[in-house]
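J.: Sharing a model that was predicted from the sequence below.
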Amino acid sequence: MGTFALNYGENPQQGGFVTVDAGSQDPLAITRFTTPEGTPALNDAASMSWSTLQEFDTSLEVITRAAAAYEANTGESPKMAMLTTHGCPFSAVAGASDSVIKLAIENEFRSTFGSFLVTNVDITEQTAYKIRQWMGQDRPFLGIAAPLIEPPAAAYFLRRKGKCHLLANPELRNLGRQALRQEVMSHAIRGATVSQQPNPFVPVFPPEWDASLKSDMSLAWGVCASSPSSCITVVKDNMLVANASGHVQRVTASENAVLHARLTKRTDMLKGAAACSDSYFSFADAFDHLARRKIKAIFATSGSVHDETVRSHAEQFDVLFHTVPDSQGRIFYGH
């Protein structure tokens, strides 16, 4: 074990520190990440905050879960770029080329300020120059995690205030089910620490689904499984359309997913899209709100007393509705 003082905790008026397990076997443990120059990333802990490390952890959660779903359903993990802020993934793109970073930035440009970028694409000096052009000088990242960040690239991520934390780990090139979190997760409550095993579930979608639908649902599931509940995530053409997370009612999450698509002028992308819910639909209203927008397929769990009603609505709206038991496939995250 080792303890490093942080710049501050969740807020500037809070002290903070990080205690690491030097014996961790996780290839994506924070202790396995380095600066572009090759020094341990936590040597720079004094400039980090609690929030920096939380965003880093959320970013790893979303890219590893999405990669595991892609591997299980398409046979391989694509190039990916994800952006998170305040513990929530808000932009995610998958594809065959390095352009996924550009697309992820453009997909939700107004939310990029102070966000955390995670990608399995190397950040060369040339890539860093392009990112600076796409982002502009007044929209710095909080941090970036990538397999490689060339030392000259750091100059393109300087901030007027604070620091953009650059974290490199070549294991980000080897994403799949084996890269999922394996170690016990713990959280301090008053007078105790509660712990749980990591969620082992990775979905396998129906074999009759076409390749593009399996691909879209893999990304939707990966994002949904890494977001605060209640959550509805919508993906079309390997691009996140909406991630409505942290709602106390599932119907509100559905409504806000549709609203977000409208506000970002992507209502047309709802038709034929894949949507994922992190648990079952307690009532048909949340399902109907998506189905009326001609969502092509919805993944959720079963276990509601209204399951049969929801299934009948899926048939009525001609939606491909795939479920697994809630006891096996619920994907609450971040409680």
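T.: It's in.

J.: For stretch 282-301, buried residues please.
T.: Residues 282, 284-291, 293, 295-301 are the ones in stretch 282-301 that count as buried (16 or more other CB atoms under 10 Å). Backbone N, C-alpha and C define where each C-beta goes, glycine included.

J.: Go through the residues you listed and flag which are in helices.
T.: The subset of the buried residues of stretch 282-301 located in helices under the criterion DSSP state H comprises 284, 285, 286, 287, 288, 289, 290, 291.

J.: Thought residue 256 was touching the third one, still the case?
T.: No: with contact defined as CB atoms under 8 Å, residue 286 does not count as touching residue 256 (10.9 Å).

J.: thinking again about what came up before, now, among the ones in helices among the buried residues of stretch 282-301, which is nearest to residue 219?
T.: residue 290 (16.6 Å; CB to CB).

J.: Which residues lie in contact with the closest one in this structure?
T.: When contacts are counted by CB atoms under 8 Å, 6 or more residues apart in numbering, residue 290 is found next to 232, 234, 254, 257, 258, 275, 298, 319.

J.: What strand or helix carries residue 258?
T.: Take DSSP states H and E as the rule and residue 258 turns out to sit in helix 250-263.

J.: where does the stretch 51-200 of the chain dip in pLDDT?
T.: Residue ranges of the stretch 51-200 of the chain with pLDDT under 70: 160.

J.: Okay, helices next: where are they in it?
T.: According to DSSP state H, counting those that start in this stretch, the stretch 51-200 of the chain carries its helices in the segments 100-107, 125-135.

J.: Against which helices or strands is the last one packed?
T.: So the one you mean is helix 125-135. With contacts defined as 3 or more CB pairs under 8 Å, 6 or more residues apart in numbering; DSSP states H and E, helix 125-135 has these neighbours: helix 100-107.

J.: Then the shortest one?
T.: Packing partners of helix 100-107 (3+ CB pairs under 8 Å, 6+ apart): strand 79-85, strand 88-95, strand 116-119, helix 125-135, strand 239-244.

J.: got the CA positions of the second one in PDB?
T.: In this case it means strand 88-95. Output in PDB follows, covering the C-alpha atoms of strand 88-95 (Å, rounded to 0.1, in the frame of the first residue of the first chain):
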ATOM      1  CA  CYS A  88     -21.400  10.400 -16.500                       C
ATOM      2  CA  PRO A  89     -20.400   9.300 -20.000                       C
ATOM      3  CA  PHE A  90     -21.900  11.900 -22.400                       C
ATOM      4  CA  SER A  91     -20.200  11.100 -25.700                       C
ATOM      5  CA  ALA A  92     -19.100   7.800 -27.100                       C
ATOM      6  CA  VAL A  93     -18.100   6.700 -30.600                       C
ATOM      7  CA  ALA A  94     -16.800   3.400 -32.000                       C
ATOM      8  CA  GLY A  95     -15.400   2.700 -35.500                       C
END
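
J.: Tell me what angle it forms with helix 250-263.
T.: 60 degrees (axes from the mean of the first three to the mean of the last three CA atoms, to 10 degrees).

J.: Please name every helix or strand in contact with strand 88-95.
T.: With contacts defined as 3+ CB pairs under 8 Å, 6+ apart, strand 88-95 has these neighbours: helix 50-74, strand 79-85, helix 100-107, helix 211-224, strand 239-244.

J.: tally of neighbours for the nearest residue to residue 174 once chain neighbours are set aside?
T.: The spatial neighbour of residue 174 that comes closest, neighbours along the chain excluded (CB to CB, 6 or more residues apart in numbering), is residue 27 at 7.7 Å. For residue 27, the number of neighbouring residues by other CB atoms under 10 Å comes to 14.
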